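Asker: just need the structure, nothing else, for what follows:
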Amino acid sequence: PVCFKGTMASKWLQLQSKACQASQFVAKHGSVYYRQLMEQNKQYVQQPPTVEKCDLLAKQLFYTRLASFPGRYEAFWKELDCMKNLWKNRQVLKVEDAGIAALFGLECFAWFCAGEIVGRGFTFTGYYP
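Answerer: Purely as a prediction, here's the structure:
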C-alpha cells in the first residue's frame with residue numbers, strides 16, 4: 001500500500017506538471033489559435049453571437065434530432081431486413097463478402113479491446129486496486 005501511495009503521488013505530480021505546461025502553452029498561444037480558428041470558420045457563426053442565439057440553436061438541434069428518429073427507425077428496420085435476407089441466402093454469398101464481414105467483426109472486437117484497455121488505465125493485466 002505504501003508503494004501504491006508513492007506511485008499515485010508521483011503520478012499526481014506528473015499530472016500537475018503537465019497541466020501547468022498546458023495552461024502556460026494556452027496562455028501564450030491561445031488567443032492566436034482562437035482568432036485563427038474563428039477566422040477559418042466564420043461562415044458557421046450565427047449573427048448576432050449572443051446567449052439567446054445559442055439557446056435557440058440548441059433547441060433547434062434538439063428538436064431536429066428528435067424529428068429525425070422516425071427516419072432512423074425506418075432505416076434500422078431496412079438494414080435488419082437486408083441482414084435477414086443475407087442470412088437466408090447465405091449459400092449464395094461470395095468469399096469476398098464473407099471476408100469483409102469477418103474483417104468488420106474483427107475490427108469491432110479490436111475497438112472493444114482498445115476501449116477496455118483505455119478504461120483500465122492503459123494496462124493489459126487488469127484494473128488498479
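Asker: now do the strands in this protein.
Answerer: For the chain, no strands are identified by DSSP state E.
Asker: may I have the phi/psi pair for Phe122?
Answerer: phi 60, psi 40 (degrees, to the nearest 10).
Asker: and if you look at Asn41?
Answerer: phi -120, psi 30.
Asker: separation between it and Thr64?
Answerer: 20 Å (C-beta to C-beta, to the nearest Å). In short, each C-beta sits where N, CA and C put it, glycine included.
Asker: measure how far the lowest-mean-pLDDT helix or strand in the chain is from the centre of its chain, please.
Answerer: Least confident helix or strand, the chain: helix 2-40 with a mean of 79, by mean pLDDT, DSSP states H and E. Relative to the centre of its chain, helix 2-40 is centred 21 Å away, using C-alpha atoms, centre = their mean, to the nearest Å.
Asker: and what of stretch 103-112?
Answerer: 16 Å.
Asker: do stretch 119-129 as well
Answerer: Relative to the centre of its chain, stretch 119-129 is centred 20 Å away, using C-alpha atoms, centre = their mean.
Asker: swap in stretch 56-63?
Answerer: Stretch 56-63 sits 21 Å away from the centroid of its parent chain (C-alpha atoms, centre = their mean).
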